[in-house]
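> please work out how this folds:
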Amino acid sequence: MRSGKLMLALATLAVSASVVTNVAAQTKEQFFPLLSYRTGPYAPNGVPWANGKQDYLKLINARDGGVNSVKLTYEECETGYATDRGVECYERLKSRPGVAVFDPQATGITFALTEKVTTDKIPLITLGYGLSVSQDGQAFKWNFPLMGSYWTGADILIQHIGKKEGGLDKLKGKKITLVYHDSPFGKEPIPLLQERAKMHGFDLQMIPVTAPGVDQKSAWLQVRQSRPDFVLLWGWGVMNSTALKEAQATGYPREKMYGVWWAGAEPDVKDVGEGAKGYNALALNTSGTEPKVIQDILKYVHAKGNGTGPKDEVGQVLYTRGVIIQMLSIEAVRRAQERFGKGKVMTGEQVRWGMENLALDQKRLDALGFSGIMRPLSTSCADHMGSSWARIQTWDGKKWAFSSDFIQADEQILKPMVKSGADKYLADKKMTRRPPADCQS
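Numbers count the residues shown, from 1 in each chain. Below you'll find the model as predicted:
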């Protein structure tokens, strides 16, 4: 009888130990919610972006065993690029244990989540998109438009065009037309372009394109009638290839077209081919399989049969951008661990601190395998962007090739606009700036 009770007690202890072990294992998992769109008109661009993020998570687990032994987990949630579905995904995933950061993957969703994350204390990484004024970290504690905003992108394009014309003063009297996705994303560069137009005397024309952008005949009829000197394309997904086909049909020179960095990837031009030859677009990162991090993904992920998508997309423009986004998210976790405890799962607040204190110099980028992919990046309480540089790339009919050196957005123009815009946002929302002491915490 005693032996029976003893066996029962030992069995109970074993089960209890197993439960404790499982709970401990669960607490050693850092969770990354992945909002994505693999369906709908934006899928050709959204898929490689999402695959790059997943593959980098798999790489860190397979090659490094996680971040200081903390395993990285994730779950995708399909938004279809729709704001309401994006908010639903956020609400469903935000309470998962160990949630680190959200990448909304859409400007409209970013707008909708900006107030929510302030309450929920979860950072948003909006690399190259989102609210341009959220560069001001003293006004936007939880938003991180890393590597650039639509204001920096538009400013760089105007600088580049001015240089090609022989100086910004040569833009006086020129016509520059913005063909844009009629959404928060497409409208975001307008204030910067209006400011530059006022400064340099060029005629800014704006032509909205109804989402998703498969019907642009009327837009390009306007282009044909007004005959602008340059067209800026602020498109995404199917809108980009459609615009290039319409430009070809109406005879508008592709070499006078300049796209945002979301209109400069393989899906945008591959179906147009030679018809897109000469088309230019901003570039935040390189492409190709030469970088060490891409080689590691091929070795540790795809060679093991664990690749998220087709092997031949690895290293493409948007795939690589997805890898960068996930790397910056993970480095924020790593940076937070340096302060709050290596080997521990970080809270959203701790990851936010890590994202605000990123210091990725060239040596660190080289160590991570990102040599040549991107420029160094360093964030602070005041600056949640960390870098405001981009290059121009040109499609030669078969591949993208860089056609400029790195250009930095003009902070003398941007800083006053960002501060003024941030102050207006705060006033409208009846919010205040962070106190100086908060930047030291």
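
> quick one, domains of this structure?
28-148+291-378+419-440, 151-283 (automatic domain parsing).

> spit out the contact partners of the residue positioned nearest the centre of the chain.
The centroid of the chain falls nearest to Leu127 when counting by Cα atoms, centre = their mean (2.8 Å). Shown in contact with Leu127 (Cβ atoms under 8 Å, 6 or more residues apart in numbering): Asp103, Pro145, Leu146, Met147, Gly148, Leu284, Arg321, Ile324, Ile325, Leu328. Placement of C-beta: from N, CA and C, glycine included.

> how about a cut-off of 7 Å?
Going by Cβ atoms under 7 Å, 6 or more residues apart in numbering, Leu127 touches Leu146, Met147, Ile324, Ile325, Leu328.

> can you list the residues you listed in CSV and add secondary structure, distance to Gln440 and neighbour count?
Shown next, in CSV, are the contacts of Leu127 (DSSP: H, G, I helix; E, B strand; the rest coil; distance: Cβ to Cβ, whole Å; neighbours: other Cβ atoms under 10 Å):
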residue, secondary structure, distance to Gln440, neighbour count
Leu146, coil, 22, 25
Met147, coil, 26, 26
Ile324, helix, 29, 24
Ile325, helix, 28, 23
Leu328, helix, 23, 23
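
> before we move on, the earlier item: now the residue nearest to the centre of the chain: phi and psi?
phi -70, psi 110 (degrees, to the nearest 10).

> relative to Lys399, which of the contacts of Leu127 is nearest.
Closest approach between the contacts of Leu127 and Lys399, by Cβ to Cβ: Ile324, at 20.1 Å.

> from Ala281, how far off is that closest one?
Computed with Cβ to Cβ, to the nearest Å, the distance linking Ile324 and Ala281 is 17 Å.

> please apply the same query to Leu192.
According to Cβ to Cβ, Leu192 stands 17 Å off from Ala281.

> compare these two (neighbour count), which wins?
The neighbour comparison of Leu192 against Ala281 (other Cβ atoms under 10 Å) goes to Ala281, with 27 against 24.

> Gly259 is in contact with the more buried one, correct?
Yes. Contact criterion Cβ atoms under 7 Å: Ala281 and Gly259 qualify, at 3.7 Å.

> related to what we said a few turns ago, I'd like the domains of the chain laid out as TSV, including distance to Trp400 and mean pLDDT.
Formatted as TSV, these follow (distance: least, Cβ to Cβ, whole Å; pLDDT from 0 to 100):
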stretch	distance to Trp400	mean pLDDT
domain 28-148+291-378+419-440	7	97
domain 151-283	7	97
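
> compare these and give me the one nearest Gly386.
Nearest to Gly386, of those and by Cβ to Cβ, is domain 28-148+291-378+419-440 at 4.1 Å.

> I am finished for the moment; much appreciated.
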